[in-house]
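Asks: Pasting the sequence and the predicted model now:
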Amino acid sequence: MRAFKQLLSVLLCLVLFAGCGGKSGPAEQLARDLEDRGFRVSVTRDVSPAEMGPALGDSRIDLLENKVVLAVPEGNPKNIVSFDKLADRLGAGEGFLAIGNSDVPVGQYTRKIFVHYGLDEQSLADAGVLTYGSNVKEVTTQVIEGAVDCGIIYATDAYSAGLESVDEATADMCGQVIYPAAVLRNSAHLDEAKAFLDYLTGEDAGKVFESVGFTPLA
């Protein structure tokens, strides 16, 4: 059980740092230490079954969901209340929104939200209501510093930064941010891997995931 708790800590570190444009040195070191003891951890957002590698039987599950949220600076000085109201403001050439670049996942989800509301990104940029970040951490920082009225980030990033999320994007707006998990057929530690996956779907791990902004699905 102690090893599983250590692995869960590594898993959270790797997942929470996945969108930050960099790597977590301490998490990577702990992952290597655990690998020396016979465990291996790998985390990727939104991967297909083929990309995950050969899963053992039907062991692949959707483990977690991360919500795409509308985060505001402390005190919400511009009174941003929802994606609906924000879309109205942006369409009128008002407000200042931080978003991720189009080559990063959070930016791609944001563009789906624009499509949902019939907003043209170039028109918004020309109107001066958008600013960009090369990754979700940069978008989050702009919100923290109050440089923007709001930003579109992940629920876990809002939680880690202590930011208020005033709205969550629905699946109809931008799809879902899903983290799958599976036992790989070529694992040298199949029994341990099965037991760890069972642990991840249990109540204790679920409480930990929820505490940092995830929605457990399994």
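Replies: Structure's in. What do you need? Here the structure is a predicted model, which is why all the values come from computation and not from measurement.
Asks: show me where pLDDT drops low in the chain?
Replies: Per-residue confidence for the chain (pLDDT under 70) gives these ranges: 1-3, 6-57.
Asks: the helices in it, which residues?
Replies: Remark: helices of the chain, listed N- to C-terminal, are 2-17, 25-36, 49-52, 83-91, 105-117, 121-126, 136-144, 155-161, 171-174, 190-200, 203-211; assignment by DSSP state H.
Asks: Deepest-packed of those, please.
Replies: Each of the helices of the chain was given a mean neighbour count from mean count of other Cβ atoms under 10 Å, and the largest, a mean of 22, is that of helix 136-144. Just so you know, the C-beta spots here come from the backbone N, C-alpha and C atoms, and that holds for glycine as well.
Asks: returning to what we had before: would you turn the helices of the chain into TSV with distance to residue 63?
Replies: Formatted as TSV, the helices of the chain follow (distance: least, Cβ to Cβ, whole Å):
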stretch	distance to residue 63
helix 2-17	10
helix 25-36	18
helix 49-52	12
helix 83-91	26
helix 105-117	17
helix 121-126	32
helix 136-144	20
helix 155-161	14
helix 171-174	17
helix 190-200	6
helix 203-211	8
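Asks: Of the ones you listed, which is nearest residue 218?
Replies: Shortest separation from residue 218 across these is recorded for helix 190-200, at 7.4 Å, computed as Cβ to Cβ.
Asks: quick one: the nearest residue to residue 121 once chain neighbours are set aside and residue 129, what's the gap?
Replies: The shortest distance from residue 121 to any residue that is not its chain neighbour, by Cβ to Cβ, 6 or more residues apart in numbering, is 5.6 Å, and that residue is residue 114. Taking Cβ to Cβ, to the nearest Å as the measure, residue 114 falls 12 Å from residue 129.
Asks: ok, now residue 102?
Replies: Here the distance between residue 102 and residue 129 works out to 17 Å (Cβ to Cβ).
Asks: the more surrounded of those two?
Replies: Applying other Cβ atoms under 10 Å to residue 102 and residue 129 shows that residue 129 carries more neighbours, namely 21 against 11.
Asks: For that one, list the residues it contacts.
Replies: 89, 90, 93, 94, 95, 96, 97 (Cβ atoms under 8 Å, 6 or more residues apart in numbering).
Asks: redo that, cut-off 7 Å
Replies: Counting by Cβ atoms under 7 Å, 6 or more residues apart in numbering, residue 129 makes contact with 90, 93, 94, 95, 96, 97.
Asks: Closest to residue 133 out of those residues?
Replies: Closest approach to residue 133 among those (Cβ to Cβ): residue 97, at 11.1 Å.
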